[in-house]
Structure formats: structure tokens, C-alpha cells
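Asker: Please find the sequence and the predicted model below.
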Amino acid sequence: MSVNKFIITIEDNAEVFTCPPGRNVLKAMEQLGRKGIPVGCRGGGCGVCRVQVLDQGGYRTGKMSREQVPVEDEEKGICLACKLFPEGDLHLKVLGKWRKQFLTGTV
Amino acid sequence: MSFAGVMRPGHAAIRVLDMEESLTYYTERLGLMKTDEDDQGRVYLKAWDELDCFSIVLREAPSPGIDYTGYKTCSRADRDELVGKLEDYGLEIEWIPEDELKGCGERARFQTPSGHLFELYAEKKQVGDGLGRLNPNPWPEGLKGMQVYRFDHVLLYGPKIIETTKIFTDVLGFDLTERVLSPEGEMNVSFVSCSNKAHDLAFVEYPEPNKLHHVSFMLMTWEEVLRAADIMSMHGISIDIGPTRHGITRGRTIYFFDPSGNRNEVFCGDYTWYPDREPITWTADELGKAIFYHDRKLNENFLSVVT
């Protein structure tokens, strides 16, 4: 029996990992101990794991904060990796990053 | 001790992305009890050791975060006196009518320079803890999940926290219990208490207004904190950090996220605050230890993930 897994390629750092159907991309990355996409709340709320899907291998998304992913962004393939469920191989660009704030660089 | 003025954090109104999923989390996992719902679809919850009819209100919305935080005053006269002081201080008050939140008396709402909405109210219907006030048992049977005792405090992120903190200390009678100073010597984190808890509210300086860092619930023992962590792993709940120890407030703690990415905390064991104490000060060079006493380093996720 062959298990179908999708290949997720992150453009920025050439990271490649697999994601089984029904699992979100961020969880697949974390479970394999891989890095590349920043990990935040894992609940579609904080926007730290924002990515853009560059090709249309097919995917669906769960509920995400509209503040983090406005409709016009969603139309450009922008979503949160914790709510991104691949239905084919995907190339991603990482958009999210730590929002630097007062504590950065103070120590 | 004689309480007067603001008595305690009474409610937090939280936005969630999916009500059904959130309700399972807040009742089955955290162990809150659903007490009511209203025609706007809002759901009312309380922890078992709270007597008032709700402490958490959930509202389904397109983005998570916090709508407002309510504080209960000792009496209506105290509320009205404090509202007068807020007005004298230059803050605008919006009166929310009785029962706009079911079972809650009239609320006086104001906005802080950090962008957050706060409310003062004096009355809320009591439904009790199921144990009664006459020869009660120590705890009720049939509790679920982490079995949190009460909603304890919120930590909020926003700009102008020096001005914001002043409203609580200079106008509403809270005590500053702990603070963090930037390398320039400016307060950029504040913890304030209206009781003899180490904190009833906290602020962190942040450029974006009206952000939620976490909503916290109290447990009694380290063993209960560990058990809460077990429940998180049993049910795939997103853990941020812990179980560990805070330098600030001495709390033994774990941080995790609700299904919409709002951070929650369960903790035990902070100290007893008395108003004759000087506030505790933490300096920027010891900040790692102040936040997580064992890690002793800054945790970017904890510091910058907010809803």
C-alpha cells in the first residue's frame, strides 16, 4: 500500500519536506523537525506563519484571521501555513516573520 | 484585609474563529462551564470556583483577540465614584445597559491609550459553585479537563503603557507590583494588582494597539499545572512554553493557545501582595530570567505572538 504524500518546497531556503493529506503544512514541518516557516500560535490567529502559495498544486485552507489574511491577499494565494492543507505538491514563499518589538536587541 | 474600589477581574470577552471548536476547548479541555448564550450567538462561561454567572464570553468573529475586559467593583457607590474619577482624569465613559451581557449590571466602559477597552461594573447574577455556602464540600464532582479554578488576569500588548498603567494606579487604586525597565530606564512592562494577588492585569509596550497576549486561569498546585500539560498533549493543543517558572510574579506556569490562536495560561503559586511593599523592578539585562526563570533567555515566540 502506498501512502500518498505531497512535496512541500519552500523557495526562500530550499527546504523540502513531505506532508500527508489532511495535515496542515506547519504541523508536517514541525513533526519532521524541519524549519523554514516561523511557528506562532498554530491556530490561524497570529499570522506569524504567513506564506504565499506560488504554484497551484491544489490546496484548501481552514479558518484564518481576516486581520492576518485579508480577502485580497487570499486571492493571491496568501494564507497561514497552520491552516494550509495541500491537495498536491506546493511551492511556498515565506512572508511571515517575527514582529520585532521593544525587547529585541536589548540584551 | 478590607477591600474597597475595584474588587477583581470579572470578565474577558474573547473573539474566536469557530464557536463549536472553541466551546469544546473551553469546556472539555480548560474545564469551564457553559452557563448561558444570547441571541447574538455569544456564549457565557464560568470556572467552577467562581460564583458569578460568567467570567468568559466567547464571540465568533473573523479575527481572534479580545473585545474588552471587565472589573467588578465592591459596590455600586464604588463604581460610580471611580467612574467620576475617570471622567475627571479626562476619559470618556460609555454606559452599557444592564443585561446587555446577560446577568450583568450596567457597565461603564472606557478606552486606555494602549487601545484596550475596559469596563467597571458592580453587579452580576450569582449562580454559585454547586457547593453552597453552608457546610460545603471542598470541590464539586464531575469537573472536566484542566479544572481551572477561576479566570485570573489578562496580559495586554499596546502602545503608551506608562500612561495606561497610570490610569489603573493613580485613578482606579491599583498597586504597581512589578515592572520591567528598558535599557533607557523607561517602564515597558507593568504588573498591577487591585487585590492581594501579585497581578490582576499586566501590560507590555508594543507598537500595535489593542492586542491580547494571554488570558490566564488559576490552578492551585504544580501537579495540576503538569496535569494540564498532559491534557494539552492528549488533545493536540498548541503549547507555547512550559511547564516552567516565571521570575516575575514567581508563577509556575504553562502557556498554550486556544483553537483560534488566542494565548491562554494556567498557573499556580504567585505570592501575596500587600500594599506596603515596594514594586519589584527587573532590568533589561536580566529580562530572560525575569520572564522564564529556568531558560534564562528571551523567547521570541512568547514575546511577539499576539492576537
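Answerer: Yep, it's here.

Asker: Next, name the residue at the spatial heart of chain A.
Answerer: Residue closest to the mean C-alpha point of chain A, counted by C-alpha atoms, centre = their mean, is residue A:81 at 2.1 Å.

Asker: Tell me how far that one lies from chain B.
Answerer: 13 Å (C-beta to the nearest C-beta, to the nearest Å). The way it works is simple: take the backbone N, C-alpha and C, and place the C-beta from them, glycine included.

Asker: Run a quick check on that residue versus residue A:49, I expect a contact.
Answerer: Yes. Using C-beta atoms under 8 Å, residue A:81 makes contact with residue A:49 at a distance of 4.1 Å.

Asker: Which neighbours do the two have in common?
Answerer: A:26, A:37, A:96 (C-beta atoms under 8 Å, 6 or more residues apart in numbering or on different chains).

Asker: Are any of these buried, and if so which?
Answerer: A:26, A:37, A:96 (16 or more other C-beta atoms under 10 Å in any protein chain shown).

Asker: Which ones among these lie within helices?
Answerer: The helices, defined by DSSP state H, take in residue A:26 from these.

Asker: from the shared contacts of residue A:81 and residue A:49, which are also near chain B?
Answerer: Among the shared contacts of residue A:81 and residue A:49, no residue lies close to chain B (C-beta under 8 Å from any C-beta of the partner chain).

Asker: All the helices of the stretch 201-307 of chain B, in order from the start?
Answerer: Ranges of helices in the stretch 201-307 of chain B, per DSSP state H, counting those that start in this stretch, are B:222-234, B:287-291, B:300-304.

Asker: again with the stretch 51-200 of chain B
Answerer: Going by DSSP H, counting those that start in this stretch, the stretch 51-200 of chain B shows helices at B:76-88, B:161-166.

Asker: same thing with chain A?
Answerer: Under DSSP H, chain A gives helices at A:25-31, A:71-75.

Asker: and residue B:7, what does it touch?
Answerer: B:71-74, B:194-195.

Asker: Check the helices of the stretch 51-200 of chain B for me and report the most buried one.
Answerer: Per-stretch averages of neighbours, counted by mean count of other C-beta atoms under 10 Å in any protein chain shown, single out helix B:161-166 among the helices of the stretch 51-200 of chain B, with a mean of 19.

Asker: quick check, that one touching chain A?
Answerer: No. Applying C-beta under 8 Å from any C-beta, one finds helix B:161-166 separated from chain A by no less than 9.7 Å.

Asker: which other residues reach that helix?
Answerer: Residues from elsewhere that reach helix B:161-166 (C-beta under 8 Å, 6+ apart): B:112-114, B:116, B:158, B:176, B:186-190, B:192, B:203-205.

Asker: Centre of the chain to it, how far?
Answerer: Centroid displacement of helix B:161-166 relative to its chain, using C-alpha atoms, centre = their mean, to the nearest Å, is 17 Å.

Asker: Just put the helices of the stretch 51-200 of chain B in CSV and tack on distance to residue B:211 and mean pLDDT.
Answerer: Shown next, in CSV, are these (distance: least, C-beta to C-beta, whole Å; pLDDT from 0 to 100):
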stretch, distance to residue B:211, mean pLDDT
helix B:76-88, 22, 98
helix B:161-166, 11, 98
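
Asker: Make TSV out of these and add distance to residue A:5.
Answerer: Formatted as TSV, those follow (distance: least, C-beta to C-beta, whole Å):
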stretch	distance to residue A:5
helix B:76-88	58
helix B:161-166	47
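
Asker: got the contact list for whichever residue of chain A sits closest to chain B?
Answerer: Taking C-beta to the nearest C-beta as the measure, chain A has residue A:45 as its residue closest to chain B, at 2.0 Å. Going by C-beta under 8 Å, 6+ apart, residue A:45 touches A:65, A:68, B:17, B:63-65, B:257, B:260-262, B:307.

Asker: Could you do residue B:211 as well?
Answerer: Contacts for residue B:211 (C-beta under 8 Å, 6+ apart) come out as B:65, B:115, B:156-158, B:306-307.

Asker: so what's it bridging to?
Answerer: residue B:157 (DSSP bridges).

Asker: Tell me how far it lies from residue B:158.
Answerer: From residue B:211 over to residue B:158 the distance is 6 Å, taken as C-beta to C-beta, to the nearest Å.

Asker: pLDDT score assigned to the residue of the stretch 101-250 of chain B found nearest chain A?
Answerer: Distance from chain A to each residue of the stretch 101-250 of chain B (C-beta to the nearest C-beta) is smallest for residue B:238, at 3.9 Å. At residue B:238, the pLDDT value in this model is 96.

Asker: Am I right that it is in contact with residue A:43?
Answerer: Yes. With contact defined as C-beta under 8 Å, residue B:238 and residue A:43 form a contacting pair (6.1 Å).

Asker: which neighbours do the two share?
Answerer: Contacts common to residue B:238 and residue A:43, judged by C-beta under 8 Å, 6+ apart, are residue B:257.

Asker: the more surrounded of those two?
Answerer: A count of neighbours by other C-beta atoms under 10 Å in any protein chain shown puts residue A:43 above the other of residue B:238 and residue A:43, at 31 against 21.

Asker: Any figure for the gap between the closest residue in space to that one that isn't next to it in sequence and residue B:237?
Answerer: Leaving aside its chain neighbours, residue A:43 sits nearest to residue B:261 (3.4 Å; criterion: C-beta to C-beta, 6 or more residues apart in numbering or on different chains). For residue B:261, the distance to residue B:237 (C-beta to C-beta) stands at 12 Å.

Asker: of these two, who's got more company?
Answerer: Between residue B:261 and residue B:237, residue B:261 has the larger neighbour count (other C-beta under 10 Å), namely 31 against 22.

Asker: measure the more buried one to residue B:113 for me?
Answerer: Taking C-beta to C-beta as the measure, residue B:261 falls 25 Å from residue B:113.

Asker: where exactly do the strands run in chain A?
Answerer: Taking DSSP state E to define them, one finds strands in chain A at A:6-10, A:15-19, A:50-53, A:59-61, A:78-80, A:84-86, A:90-94.

Asker: With that, I have no additional questions.
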